[in-house]
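> have a look at this prediction, sequence included:
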Amino acid sequence: MMADRAETLIRMFNNREGFTRADDTLPERTLNEPLPDGPGKGQCIGQENLNRMIDDFYACQGWDTRGVPTEATLRKYDIGEGEITG
């Protein structure tokens, strides 16, 4: 629970500094180049799969679809408005 609270605080800081969902991405090569060998040979992650993974991650973290912690998450981790100041 402490790690989840810390991740939420980090996300709040990043949001305050202008980071958005668009910043949660992978390098072009990792995202779109097919794997050269192994069990996933010829497959790539692709933008559609990445978007689904981001949606799932945000939901698990208690953040909305933009990556902003919800009010319920802030209450859960007892994070007040003054926690992240700038």
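Arrived safely.

> please report how far the residue of the chain most remote from its centre lies from Gln43.
What lies farthest from the middle of the chain is Asp37; by CA atoms, centre = their mean that is 28.3 Å. Using CB to CB, to the nearest Å, Asp37 is found at 11 Å from Gln43. All C-beta spots, glycine's among them, are computed from the backbone N, C-alpha and C.

> surely Arg21 touches Trp63?
No. Arg21 sits out of contact with Trp63 when judged by CB atoms under 8 Å, with a separation of 9.6 Å.

> the more surrounded of those two?
Of the pair Arg21 and Trp63, Trp63 is the one with more neighbours under other CB atoms under 10 Å, namely 21 against 17.

> which strand residues bridge that one?
Beta-bridge partners of Trp63, counted by DSSP bridges, are Pro69.

> now do the helices in the chain.
In the chain, the segments counted as helices under DSSP state H are 2-16, 28-32, 46-61, 71-76.

> how much space separates Lys41 from Glu7?
33 Å.

> of these two, who's got more company?
Neighbours were counted for Lys41 and for Glu7 using other CB under 10 Å; Glu7 has more, 15 against 9.

> contacting residues for the more buried one?
By CB atoms under 8 Å, 6 or more residues apart in numbering, the contact list for Glu7 reads Gln61.

> state the distance from it to Leu35.
For Glu7, the distance to Leu35 equals 29 Å [CB to CB].

> ok, Pro69 touching Ile10?
No. Here Pro69 lies out of contact with Ile10, judged by CB under 8 Å, at a distance of 10.4 Å.

> the more surrounded of the two?
The neighbour comparison of Pro69 against Ile10 (other CB under 10 Å) goes to Pro69, with 21 against 11.

> for that one, report the pLDDT, please.
On pLDDT, Pro69 comes in at 97.

> okay, buried residues for stretch 49-69 please.
For stretch 49-69, a neighbour-count test (16 or more other CB atoms under 10 Å) marks Leu50, Ile54, Tyr58, Gly62, Trp63, Gly67, Pro69 as buried.

> how close does the closest residue to the fourth one other than its chain neighbours get to Asp4?
This means Gly62. Spatial nearest neighbour of Gly62, chain neighbours left out: Thr73 (3.3 Å); criterion: CB to CB, 6 or more residues apart in numbering. Separation of Thr73 from Asp4 (CB to CB) stands at 9 Å.
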